[in-house]
Every structure is written in structure tokens, then in C-alpha cells.
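Engineer: Based on what follows, work out the 3D shape:
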Amino acid sequence: MLVKVWNDNIHPYREMFRNQEIVIEAGSFIEMDEDEALYFEGTFVFPRKNEQGVPDPLFFKKIRREATPPVEVDPLLCHANGQTAKSDAEFKELVGAFKHLLVKDDSAEAERTKALKKENKDLKSRLERLEEHLGLKTEKTSNDKTV
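Structural biologist: Below you'll find the model as predicted:
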């Protein structure tokens, strides 16, 4: 998502950022990717001093990020054909027209279930061995009560 990076200084701001010179005129903005803008805002630039040895306001980094407002998406928009439904029932009817495009592979589902059961069994046995090794294993009596 793009955000606006504003320069609140009365002087233009220049900085080398990731091998690229970024220039933001005074009181204006540039658009950047949100992650890049966050990183750009947080980078430290050593202050430059003027002839009197005081930090020069020409080089102050006075920037801020402004997020663009999110676009509101109609919840009853069918992304398959771009039509908007007026009710839930109409939406289900619109989506139902594309039901033939759904692919269901029963053999792959059964194979995945079998693999998950095997993985769970292996994990349970490893957990039992760890508990036994650490002395955390609780013994059970014939009444299934923990001792």
C-alpha cells in the first residue's frame, strides 16, 4: 500500500536512501510503499553543522507518514464476474453459477488426512518420550484417575 511521506520542514529534504537520492520539496510529499516509508522515516542521518558549529536547519529530517484511506469494498461483490448482489441470497446465487469451476480431489484429501494422522501419531509419541525423560509423565490407575 502506498503512503504519503510529507516534509514538514521549510527547506527541501534530500537523502541517499538505498542507493537512490530521495528529494522532498518543502511542504510537499512523495509516495512510497508503506514498508519503505517506515524504514525511511527511521533511518538516522548525522546532523550537519553550519559555520557557527550549530546544527543546520537545512538538513533537519522533519518528515511524517500519512496513510491513504482504505478503499471500502462492497461485501456482496462477486469477484468472479464483477456483479454486485443486493442480498445474501442473491449473492449465493451469483457465486453458485461458478460452482462447476470448483475442483475437489477426494483422493488427495484422503491422502492428506492419512499423512496428518501419521504426523500426529509421531508427534504424540515424541511428546510422551519427552515427558517420560523429564519426569512429567503421570501414571494412571485402573480407574483412570491420575496418581
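
Engineer: buried set for stretch 11-24?
Structural biologist: 13, 22, 24 (16 or more other CB atoms under 10 Å). All C-beta spots, glycine's among them, are computed from the backbone N, C-alpha and C.

Engineer: Can you check my assumption that residue 15 lies in a strand?
Structural biologist: Yes. Using DSSP: H, G, I helix; E, B strand; the rest coil, the secondary structure at residue 15 is a strand.

Engineer: quick one: the spatially closest residue to it that is not a sequence neighbour from residue 68, how far?
Structural biologist: Excluding its sequence neighbours, the residue lying closest to residue 15 (CB to CB, 6 or more residues apart in numbering) is residue 22, at 5.2 Å. Per CB to CB, to the nearest Å, residue 22 is found 19 Å from residue 68.

Engineer: What are the neighbouring residues in contact with residue 9?
Structural biologist: Taking CB atoms under 8 Å, 6 or more residues apart in numbering, we find residue 9 in contact with 26, 57, 60, 61, 62.

Engineer: Nothing else from me, thank you.
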